[in-house]
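> Model the structure of this input:
(one chain, ligands or ions: 1)
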Amino acid sequence: MVLSKKTKKKKNIKKYNVCVVGAGHVGLVAAACFAELGHEVVCVDNDKNKINFLKKSKLPFYEPELEPLVKKGVKKGNLNFSASLDIGIKKSEVIFIAVGTPPQDDGSADLTSIENVARAVAKNLNSYKLIVEKSTVPVQTGKKVKETIQRYRKNDVEFDVASNPEFLREGKAIYDFFYPDRIVLGVESKKAEKIFKEIYSSIKAPLVVTDIYTAELIKHASNSFLAAKISFINGVSRVCELAGADVEKVSLAMGLDKRIGKEFLNAGLGYGGFCFPKDVEAFMYISKKLGYDFGLLKEIKKINDCQRVHFVEKIKEHLWVLKNKKIAVLGLSFKPDTDDMRFAPSEDIINNFLKQGAEMFVYDPQAMNEAKKIFSSSNKIKFFKDAYSAVKNCDCVCFLTEWDELKKIDFKKIKKLVNYPFIADGRNMFDPAQVKKYGFEYISIGR
Ligand code: UDX
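Just a heads-up that it's a prediction; the model follows:
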């Protein structure tokens, strides 16, 4: 997934020295893609092991199409990795901050890493620099970054702070970078705006140029709105179950209304991952801090949390006692095409089953290593190399992530392996009539 040669040749792009701080999902993708656009990129991370692996083009996580892009940049010589933030900043004109902003107990984002980068910029301000927030940060973080640089700098070299929020989805990150729905630029100067326009000149997308506060808020509002759509349809799914209606048809018909749109209207176990759960909470926290109690956001989170509990309760209704029952879980990552387990519904669901005394037999096409780290303390959970070994002698087979590989599962084969033919589909992956035809009891979401 790269820009076509035609597009690149057409433009004589101005090359920038770019430093991307943070080699996580956002940072590494941005670094590899900026290099692909022709810029000189250094990606910095304080994890030396990660940097050593990256220098050999070994990736710290799974993201389709990223590895070849990293290899290409490294080979061409315009994508470098370094553990030295000082060097990265000194040699760059544009610095993208893509460090982690993990949630704290009160829902607010921990901005320690952002402050560290701002202080490092102040220390290494050897020429004009554009410092860009790329990670999701609370509104007004840009202002704090600017104040921090002003406070700690040793000279009066000119600099700009800007916000350029990232909207990429894990699993489709490279595509989203090159073909975004829009590029949001929160700037305070014409110079910053010009640099951005040159950096992104090969990408065809509407540019939304705003002030920094507005750009920061666009990110909060967009992610929370998408989370709201998911929670809305999940709320509808609960009513469908009670009324005997089919949420899939409700969603289909709603989505055909252009004002609503069909995206993010799939009922299931709710949203997970490192963005939506944390961003909804952070938006809730920041709105309250600014003086507005955004009650709708609380409800979005509540519905999302309830979906996971409700799914286990429905399975319990079928199996009666969960103690010593053998339950297979197929699909662990928070969504398909990623090995990311952060805030995955599978974690809460498996822990709930374990608490009630069930034995767990699990498999995921990519997330096994990440899952092993999370569940390392339990001896009631066994990991398998494929779906068919996991389901052997089980009383229930749960599907928690809609991987293509799992959608193509051989029900005839499963039927012969299980102790009791019962399927719990947390993502409405299958046609109920088809599954029942193979002789399974079948439950799903909202139908
Ligand atoms: C999201 C945003 O889409 C992206 O713009 C932002 O930059 C980061 O957060 P991501 O977390 O990678 O991206 O995943 P996404 O594909 O948006 O899905 C988020 C979660 O919502 C997943 O757990 C997914 O399973 C769930 N989901 C999505 C639903 O439950 N139903 C849907 O209809 C859509």
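
> With adjacent residues omitted, what lies nearest to Tyr420?
Asp395 (4.6 Å; C-beta to C-beta, 6 or more residues apart in numbering). In this view, the C-beta of every residue, glycine as well, is placed from N, C-alpha and C.

> contacting residues for Leu269?
307-308, 311, 345, 349, 400, 426-427, 445 (C-beta atoms under 8 Å, 6 or more residues apart in numbering).

> which of those are buried?
307-308, 311, 345, 349, 400, 426-427, 445 (16 or more other C-beta atoms under 10 Å).

> before we move on, the earlier item: in helices only, show me the contacts of Leu269.
Members of those lying in helices (criterion: DSSP state H): 307-308, 311, 345, 349.

> Farthest-apart pair in those, please.
Spatially, the most separated pair among those is Gln307 and Ile349, at 9.7 Å (C-beta to C-beta).

> So which bits of the chain are right by the ligand?
166-170, 223, 226, 230, 264-266, 268, 270-273, 275-276, 334-335 (C-beta under 6 Å from any ligand atom).

> same thing but 5 Å
Within the chain, the positions near the ligand by C-beta under 5 Å from any ligand atom are 167, 169-170, 230, 264, 266, 268, 271-273, 275, 334-335.

> which one of those residues is nearest Asp246?
Asn266 (13.5 Å).

> List the contacts of the closest one.
Contacts of Asn266 (C-beta under 8 Å, 6+ apart): 230, 233, 251, 427-428.

> before we move on, the earlier item: please produce a markdown table containing the contacts of Leu269, extended by distance to Lys373.
Shown next, in a markdown table, are the contacts of Leu269 (distance: C-beta to C-beta, whole Å):
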| residue | distance to Lys373 |
| --- | --- |
| Gln307 | 24 |
| Arg308 | 20 |
| Phe311 | 23 |
| Pro345 | 17 |
| Ile349 | 17 |
| Leu400 | 18 |
| Gly426 | 22 |
| Arg427 | 23 |
| Ile445 | 28 |
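
> Would you convert these into CSV that also reports pLDDT and distance to Gly295?
Listed next are the contacts of Leu269 as CSV, based on pLDDT from 0 to 100; distance: C-beta to C-beta, whole Å:
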residue, pLDDT, distance to Gly295
Gln307, 98, 19
Arg308, 98, 22
Phe311, 98, 25
Pro345, 98, 24
Ile349, 98, 27
Leu400, 98, 30
Gly426, 98, 28
Arg427, 98, 29
Ile445, 98, 25
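
> Ser377: which of the residues you listed is nearest?
Of the contacts of Leu269, the one sitting nearest to Ser377 (C-beta to C-beta) turns out to be Ile349, at 17.0 Å.

> Was I right to think that closest one contacts His310?
No: counting by C-beta atoms under 8 Å, Ile349 stays clear of His310, with 10.5 Å between them.

> Walk me through the domains of the protein.
Split into domains by automatic domain parsing, the chain comes to 14-210, 220-299, 306-443.

> ok so, going back, of the contacts of Asn266, grab the buried ones for PyMOL.
To isolate the buried ones among those in PyMOL, judged by 16+ other C-beta under 10 Å, type:
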select buried, resi 230+233+251+427+428
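
> From the contacts of Asn266, pick the one nearest the ligand.
Ile230 (4.4 Å; C-beta to the nearest ligand atom).

> That closest one: what's it in contact with?
264-266, 270-271, 276, 304.

> Show the buried residues in those residues.
Buried among the contacts of Ile230 by 16+ other C-beta under 10 Å: 265-266, 270-271, 276, 304.

> can you list those in CSV and add pLDDT and secondary structure?
Formatted as CSV, the buried ones among the contacts of Ile230 follow (pLDDT from 0 to 100; DSSP: H, G, I helix; E, B strand; the rest coil):
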residue, pLDDT, secondary structure
Leu265, 98, coil
Asn266, 98, coil
Gly270, 98, coil
Tyr271, 98, coil
Phe276, 95, helix
Asn304, 98, helix
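
> For Val137, state which of the residues you listed is nearest.
Among the buried ones among the contacts of Ile230, and counting by C-beta to C-beta, the member closest to Val137 is Phe276, at 15.7 Å.

> All the strands of the stretch 51-200 of the chain, residue numbers only.
79-82, 94-97, 129-133, 159-163, 183-186 (DSSP state E, counting those that start in this stretch).

> which secondary structure elements does the first one contact?
So that's strand 79-82. Using 3 or more C-beta pairs under 8 Å, 6 or more residues apart in numbering; DSSP states H and E, the elements in contact with strand 79-82 are helix 25-36, strand 40-44, helix 48-55, helix 66-76.
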